[in-house]
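Student: fold the following.
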Amino acid sequence: MLQHSKSFIIKCLLASLLLFATCTACQNDNEVYLLKDFYEDAALQSGLLIGEENAEDALEKWGIVLKDSQDDEPLTYLLMADVCGQLMGLEGDYLAQLQNLQWLGENINGDEKVLKKTGEEVLSKVVDYINNQEIVEKEEFRLKEDYLEFAESLKDGLKDDLDNYEIGELLYSESDEMFYRIVDYQNGEYLLEECTIEEVFEEIEIGTSGALDFTEAEIIPSGDISETSYFVDEYRLLADGGNNVFYRDGFRVSYSLSTSRIRFYISKKNDKGLNFYGEFILSNLYPDFLFDLGDEGIEHAYFKLRFDTAESFGISSGKYRDYAVNFKDLDSSSFLAAVKSSLHSKDDEVDMRIPLCTIKLPIANIPTLYLNLDLALHFYVSGRVELAIEDDYEIGFEIKNNHLRLIFDQNHDLDAIIKASANSTVGAVFSVDLLGQTLADVGVDAGIRAYVQSILHMYDSEGNMTTTTLDETYEALDDVAGENEDVAVCGDLSLHWLLDLVINSDDSLLGIWGLSRTFNLLDDDNQIFNNMSHIENGHFVPECTRKNRLPTVSSETISSDRILLEKYAQVISSGESLVIPIKALPQGYERKDLVYESSDSKIADVQNGTINAHQAGSVEIHIATADGQYTASFNVLVSDG
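Tutor: From the prediction side, this is the model:
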């Protein structure tokens, strides 16, 4: 009976908890959307609020007429439809049009309060609508004046002994895809000046959308390279099995093309046997571009890029230098001294900044319109790291009423082996160029940064632990620690995404008109592994588990059949002295019966059991009884000062 009562009570408690959870969920589902909150979310999600101080100001600058809101005023369907319809550029009855799109029920009362869940669903659809606009293909140009057309290049001027042209006349070179103005005539030659787009055109209407074909691209490697067998300074470019290859600073860079992608591969092997590799793939590049220029300036501009990247880099093989000291035999304090004196080396690091190329891609069927892409890579690797990153991007902007909103979406995928600090960033500038002048551009600096703080735990003979942080890489410490029972190596990983955007630089027409913005979207606050960032034994764990140990009890009995030392290796500095730590001697022998010899007395000599260090290096001290019956060895690493 008692057991049945307990079971009944437990069931009642579970039922109560379930009822409470259900009621809480119902309360959340029934939460009413406040008008002020809706304005904030609409401005933020549409890309208007970034950099603005006030959501309502941002919406109004875009041309949206708002109702003044009170702090606790609820959002109605009529007010929501009014804002959403204006964001979408609809005309007429906004509520009816949202109903026609089947985003709202047919029998909605405009004065009815909107639940937060419903409002968020509608707002998400609105943002998707405005960020994925249908671009109508168009190409319309109206010039301010007539011009003369030339097939040849006019970059070096125009020679004409007959003086057939007038100062100020407008010329167009089909070869250069550029307009020029005659500014002077001297000695049978016309001096020309390049014209800007606003000097030539009264109206421009461009609309284009579609995937680009990399096999139609012109690839211009960065630097003074123009042929496939050309040598200039640090560069070399040559044909290599269908790939194009050039060298810089000892790095081999190759690239290959297919219809939908361009692939770069970078590699280098140093004299320590460390193999660095880096690969970058850009694929599925799909630009949407709309540009309407009228008498009063830019009326509407929309530039969105969809593309995928795949990036991998690291040090895949090789090992650290051979050391004279066996780190396994050192006690914890000597291990620390040995690490600081001999482990760290900049030779194990790879730090490469390399501009790759400019890619010039024709856009659709519009002559003289190109998408140019400038690519540069930066890799830093300090040890064993292997990272593979895949991203898909949607990046761009829209301009109306001389106001800019950001379009941005990104998805990451990461596979990593991390035992050292590293970072990788890709610098890409996408620009739409017409007649040699940049209309608009988007600069992207995107990547990942990993920093591993190495931690050394040291144990004394009583099992007490002391901890210190070191600059040496986690992999190097873990490698040399090996089977040393007096030390344990850990690491703390800081891993985060990086993303900076520059919309319309000073080199672009829109940038010159002041329609530019800079965004820092991802930085050191965007940790990837928040809860599993500590490394022990090569695995990620939530926190460090190293603790004090129980005192070590030696199972070995001190015998009298050999020379026994307290330790068999020690690190000392040059100029210091050390007495060899003899623990026991065979029966019948005393210390005065021992003889000593140094393997290199220039580094350290030994007198009556005392070692005197002279210069950096390693020596072996041979210890023997005078009759040669018993021997032992003591290793010494001498560090500088």
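Student: in the stretch 201-350 of the chain, where is pLDDT below threshold?
Tutor: 223-243, 248-249, 270-274, 316-326, 342-348 (pLDDT under 70).
Student: who's in contact with stretch 512-531?
Tutor: For stretch 512-531, contacts defined as CB atoms under 8 Å, 6 or more residues apart in numbering pick out 50-51, 297-298, 301, 397, 399, 402, 404, 406, 408, 414, 446, 448-449, 493-506, 508, 510, 533, 540, 542. From N, CA and C alone the C-beta is placed, and that goes for glycine too.
Student: try it again with 7 Å
Tutor: 50-51, 297-298, 399, 402, 404, 406, 408, 414, 493, 495-506, 510, 540, 542 (CB atoms under 7 Å, 6 or more residues apart in numbering).
Student: buried ones in it?
Tutor: Of the residues in stretch 512-531, Ile512, Leu515, Ser516, Phe519, Leu521, Leu522, Ile528 count as buried by neighbour count, 16 or more other CB atoms under 10 Å.
Student: what about those residues, which are in strands?
Tutor: Phe519, Leu521, Leu522 (DSSP state E).
Student: ok, Gly575 - contacts?
Tutor: With contact set as CB under 7 Å, 6+ apart, Gly575 has these partners: Ala613.
Student: how close does it sit to Leu35?
Tutor: 78 Å (CB to CB, to the nearest Å).
Student: residues contacting Gly427?
Tutor: Ala376, Asp445.
Student: what about it, distance to Arg353?
Tutor: 9 Å.
Student: list the residues that contact both of the two?
Tutor: Common neighbours of Gly427 and Arg353 are not found (criterion: CB under 7 Å, 6+ apart).
Student: what's the nearest residue to Ser258 if we skip its chain neighbours?
Tutor: Once flanking residues are discounted, Ser258 sits nearest to Phe214: 6.5 Å by CB to CB, 6 or more residues apart in numbering.
Student: can you report how many residues neighbour the one you found?
Tutor: 20 (other CB atoms under 10 Å).
Student: hmm, back to that, nearest to Val487 among the ones in strands among the buried residues of stretch 512-531?
Tutor: Leu522 (36.8 Å; CB to CB).
Student: in the sheet, who's paired with that closest one?
Tutor: Leu499 (DSSP bridges).
Student: report pLDDT for it.
Tutor: For Leu522, the pLDDT comes out at 79.
Student: do the one 5 residues further on as well
Tutor: With respect to pLDDT, Gln527 has a value of 71.
Student: and Glu73, by the same measure?
Tutor: Model confidence at Glu73 (pLDDT) stands at 93.
Student: against Leu44, how distant is it?
Tutor: 19 Å.
Student: could you dump the buried residues of stretch 512-531 into JSON lines with distance to Lys567 added?
Tutor: Converted to JSON lines, the buried residues of stretch 512-531 look like this (distance: CB to CB, whole Å):
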{"residue": "Ile512", "distance to Lys567": "73"}
{"residue": "Leu515", "distance to Lys567": "71"}
{"residue": "Ser516", "distance to Lys567": "66"}
{"residue": "Phe519", "distance to Lys567": "59"}
{"residue": "Leu521", "distance to Lys567": "55"}
{"residue": "Leu522", "distance to Lys567": "50"}
{"residue": "Ile528", "distance to Lys567": "43"}
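Student: OK, contacts around Glu189?
Tutor: Counted by CB under 7 Å, 6+ apart, Glu189 has contacts Gly157, Leu158, Lys159.
Student: what's the nearest residue to the second one if we skip its chain neighbours?
Tutor: Beyond its immediate neighbours in the sequence, the residue positioned closest to Leu158 (CB to CB, 6+ apart) is Tyr190, lying 4.2 Å away.
Student: got the buried residues for the helix or strand that neighbour falls within?
Tutor: Taking DSSP states H and E as the criterion, Tyr190 maps to strand 189-194. For strand 189-194, a neighbour-count test (16+ other CB under 10 Å) marks Tyr190, Leu192 as buried.
Student: and it, which strands flank it?
Tutor: Short version: by DSSP bridges, strand 189-194 pairs with strand 158-159 (antiparallel), strand 178-186 (antiparallel).
Student: thinking again about what came up before, next, the contact list for the residue nearest to Leu158, please.
Tutor: Taking CB under 7 Å, 6+ apart as the test, what Tyr190 contacts is Gly157, Leu158, Asp160, Tyr165, Ile182.
Student: okay, helices next: where are they in the chain?
Tutor: Taking DSSP state H as the criterion, the chain carries its helices at 2-29, 35-45, 55-61, 77-88, 94-100, 116-131, 197-200, 332-342, 474-481, 509-512.
Student: quick one: mean pLDDT for the fourth one?
Tutor: Taken as a whole, helix 77-88 has a mean pLDDT of 95.
Student: what's that helix in contact with?
Tutor: By CB under 7 Å, 6+ apart, helix 77-88 touches 35, 38, 42, 46, 64-65, 67, 94-95, 97-98, 104, 108-112, 114, 119, 122, 126, 129-130.
Student: domain map for this structure?
Tutor: 23-131, 138-195, 209-320+328-541, 564-639 (automatic domain parsing).
Student: quick one: closest of these to Asn548.
Tutor: domain 209-320+328-541 (5.0 Å).
Student: gap between the two ends of the closest one?
Tutor: 47 Å (CA to CA, to the nearest Å).
Student: show me where the stretch 501-641 of the chain dips below the pLDDT cut-off.
Tutor: 524-526, 529-532, 550-560, 641.
Student: could you pull out the strands in it for me?
Tutor: For the stretch 501-641 of the chain, the strands defined by DSSP state E, counting those that start in this stretch occupy 517-522, 534-536, 539-541, 564-565, 569-573, 577-579, 582-584, 594-598, 604-607, 610-613, 617-625, 631-639.
Student: reformat the ones you listed as CSV; add distance to Leu143.
Tutor: Formatted as CSV, these follow (distance: least, CB to CB, whole Å):
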stretch, distance to Leu143
strand 517-522, 31
strand 534-536, 65
strand 539-541, 63
strand 564-565, 94
strand 569-573, 80
strand 577-579, 89
strand 582-584, 98
strand 594-598, 91
strand 604-607, 87
strand 610-613, 85
strand 617-625, 80
strand 631-639, 77
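Student: distance check, the residue positioned nearest the centre of the chain against Leu414.
Tutor: Centroid check for the chain by CA atoms, centre = their mean gives Gly447 as the closest residue, at 1.2 Å. Remark: distance between Gly447 and Leu414 (CB to CB) = 12 Å.
Student: unless I'm mixing things up, Tyr630 is touching Arg562, no?
Tutor: Yes. At 5.9 Å, Tyr630 and Arg562 qualify as touching, with contact defined as CB atoms under 7 Å.
Student: what touches both of those two?
Tutor: In terms of CB under 7 Å, 6+ apart, Tyr630 and Arg562 are both contacted by the residues Pro586.
Student: so His534 sits against Val541, correct?
Tutor: Yes. With contacts defined as CB under 7 Å, His534 counts as touching Val541 at a distance of 5.2 Å.
Student: neighbour count winner among these two?
Tutor: Neighbours were counted for His534 and for Val541 using other CB under 10 Å; His534 has more, 18 against 14.
Student: show me what that one bridges to in the sheet.
Tutor: Asp492, Val541.
Student: what about the nearest residue to Val638 once chain neighbours are set aside, how many neighbours?
Tutor: The shortest distance from Val638 to any residue other than its chain neighbours is 4.4 Å, reached at Ala613 (CB to CB, 6+ apart). By other CB under 10 Å, 22 other residues sit near Ala613.
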